[in-house]
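A.B. asks: build me a model:
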Amino acid sequence: MSLKENVDYVKQELNSEEKFLEGFVKVERFYKKYKTLILGLIAILIIAGIALVVKSNIDESNKLEANLAFEKILKNPEDKDAMAKLKETNTNLYNIATYLVAKDKGEIVKVNVPYLKELTTYQEAVKNNSISELNNVSMENNFLLKEFAIFNKALLLANEGKFEEAKAALNLIPNTSKANDLANLLNHYLVTK
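C.D. replies: Next comes the predicted model:
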């Protein structure tokens, strides 16, 4: 190698080392400038991670306690301690347990669980022979017993002598519905009216 090549090589090495040191100095300045912010963010991330783990463990514990309390209620509906524990740990399961206990006693109770709420409204409407309540229930698209509510509405209308309204209500029941057989029977009765 010639002397010139050696000098160029040394310059190039010094340049790359200089750039490395320059980058290191920039990072160090940035760190010193934002040290508290960086440490604060790291602390927040650590605390958030710990909080998520703790919350997950508490939720799992509550779920287990709620399931055990629900099981006790199924075995003994009069267990007030289990009912209180269930109310404290899982309100939806508490509402279901309240519904089941009331159902065993032959009572109708208002609950906030979506399907059970609709079911209790339907049961109340049938029990009260209320056409307007059955109409309201049958208008809900997601109601499980929609066609049966329409059939009961038509049956009540037929009992009141409103045969044309009953026929119109029965026409709302699709042919693919499980309630279609009942609707056909009532339609045959209404043909003579």
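
A.B. asks: ok, residues contacting stretch 87-106?
C.D. replies: Outside stretch 87-106, the residues that touch it by C-beta atoms under 8 Å, 6 or more residues apart in numbering are 62-63, 65-67, 69-70, 73-74, 77, 83, 86, 108-109, 111-113, 116, 120. Glycine gets a C-beta too; all of them are placed from N, C-alpha and C.

A.B. asks: and if we set it to 6 Å?
C.D. replies: If you take C-beta atoms under 6 Å, 6 or more residues apart in numbering as the criterion, stretch 87-106 is touched by 62, 65, 66, 70, 73, 77, 86, 109, 111, 112, 113, 116.

A.B. asks: separation between residue 145 and residue 35?
C.D. replies: Applying C-beta to C-beta, to the nearest Å, the value for residue 145 to residue 35 is 65 Å.

A.B. asks: I should have written residue 66 there, sorry.
C.D. replies: Taking C-beta to C-beta, one finds residue 66 at 46 Å from residue 35.

A.B. asks: out of residue 145 and residue 35, which sits in the more crowded spot?
C.D. replies: Neighbour totals were compared for residue 145 and residue 35, and residue 145 leads with 19 against 10 (other C-beta atoms under 10 Å).

A.B. asks: and the contacts of stretch 87-106, which are buried?
C.D. replies: Burial by neighbour count, 16 or more other C-beta atoms under 10 Å: within these this picks out 65, 66, 70, 73, 77, 86, 111, 113, 116.

A.B. asks: so the third one is in which element?
C.D. replies: Read that as residue 70. helix 35-75 (DSSP states H and E).

A.B. asks: okay, now the unreliable bits of the protein?
C.D. replies: The model of the chain has pLDDT under 70 over residues 1-4, 6-7, 10-11, 13-14, 141-144, 192-193.

A.B. asks: quick one, helices of it?
C.D. replies: Using DSSP state H, the helices of the chain run over residues 3-33, 35-75, 80-89, 91-104, 114-128, 131-138, 146-159, 163-170, 180-191.

A.B. asks: can you count the residues close to the closest residue to residue 109 other than its chain neighbours?
C.D. replies: In this structure, residue 109 finds its nearest non-sequential neighbour in residue 102, 3.9 Å apart by C-beta to C-beta, 6 or more residues apart in numbering. Other residues within reach of residue 102, judged by other C-beta under 10 Å, total 16.

A.B. asks: and for the one 4 residues further on?
C.D. replies: When counting by other C-beta under 10 Å, one arrives at 6 neighbours for residue 106.

A.B. asks: can you tell me how far it is from residue 127?
C.D. replies: 10 Å.

A.B. asks: now swap in residue 146 and tell me
C.D. replies: 18 Å.

A.B. asks: neighbour-wise, which of those two wins?
C.D. replies: Using other C-beta under 10 Å as the criterion, residue 146 and residue 127 rank with residue 146 on top: 21 against 10.

A.B. asks: no further questions, thank you.
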